[in-house]
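K.L.:
sequence? don't have it. structure:
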């Protein structure tokens, strides 16, 4: 066997193992019983905690009186499932979706990562 075929076999095995990994988190939208509905947002991770993170995104609002747009920043706290905890770091661009209230401030859950820090947008 050549090195290339060994490397490709190892990569395939790693992918299969990664797909089989499930988390025991009941508040995970893919592996648990948490249902997502409603609004989705995309933003940058500014803080990361044990089971949650804070994202920030900008939005433009038209001020009719002055016929100009003003930009505002919004911060949202979101639940971070165990299965994607290692993949997301501060500065990453992620997607969150609304779910039932999980605590006083958490009403969103992380769906996935869109791009890494310093990387072009991958859709």
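P.N.:
Perfect, thanks for sending it. Treat the numbers as computed from the prediction; the structure is a model and nothing was measured. Numbers count the residues shown, from 1 in each chain.

K.L.:
Please verify my assumption that residue 44 contacts residue 95.
P.N.:
No. Using Cβ atoms under 8 Å, residue 44 makes no contact with residue 95, being 11.5 Å away. No exception for glycine: its C-beta is placed from N, CA and C like everyone else's.

K.L.:
what comes into contact with stretch 27-46?
P.N.:
22-26, 53-57, 74-76, 79, 81-83, 88-100, 102, 108-109, 111, 114 (Cβ atoms under 8 Å, 6 or more residues apart in numbering).

K.L.:
tell me the mean pLDDT for that stretch?
P.N.:
The average pLDDT within stretch 27-46 is 89.

K.L.:
Stretch 56-72 too?
P.N.:
Average pLDDT, stretch 56-72: 96.

K.L.:
Quick check: neighbours of the one helix or strand residue 41 maps to in the sheet, parallel or antiparallel?
P.N.:
According to DSSP states H and E, residue 41 maps onto strand 36-48. Strand 36-48 pairs in its sheet with strand 52-63 (antiparallel), strand 93-99 (antiparallel), by DSSP bridges.

K.L.:
which among the contacts of stretch 27-46 end up buried?
P.N.:
The neighbour-count test (16 or more other Cβ atoms under 10 Å) marks 25, 53-55, 76, 79, 81-83, 88, 92-94, 96-99, 102, 108-109, 111 as buried among those.

K.L.:
picking that back up, in the strand holding residue 41, which residues are buried?
P.N.:
So, applying 16+ other Cβ under 10 Å, buried residues of strand 36-48: 41, 43, 44, 45.

K.L.:
And the first one, how far from residue 34?
P.N.:
The span separating residue 41 from residue 34 equals 17 Å under the rule Cβ to Cβ, to the nearest Å.

K.L.:
Name the nearest residue to residue 107, ignoring sequence neighbours.
P.N.:
residue 101 (5.2 Å; Cβ to Cβ, 6 or more residues apart in numbering).

K.L.:
what about that neighbour, how many neighbours?
P.N.:
For residue 101, the number of neighbouring residues by other Cβ atoms under 10 Å comes to 10.

K.L.:
so how far is stretch 25-35 off the chain centroid?
P.N.:
Offset of stretch 25-35 from its chain centre (Cα atoms, centre = their mean, to the nearest Å): 14 Å.
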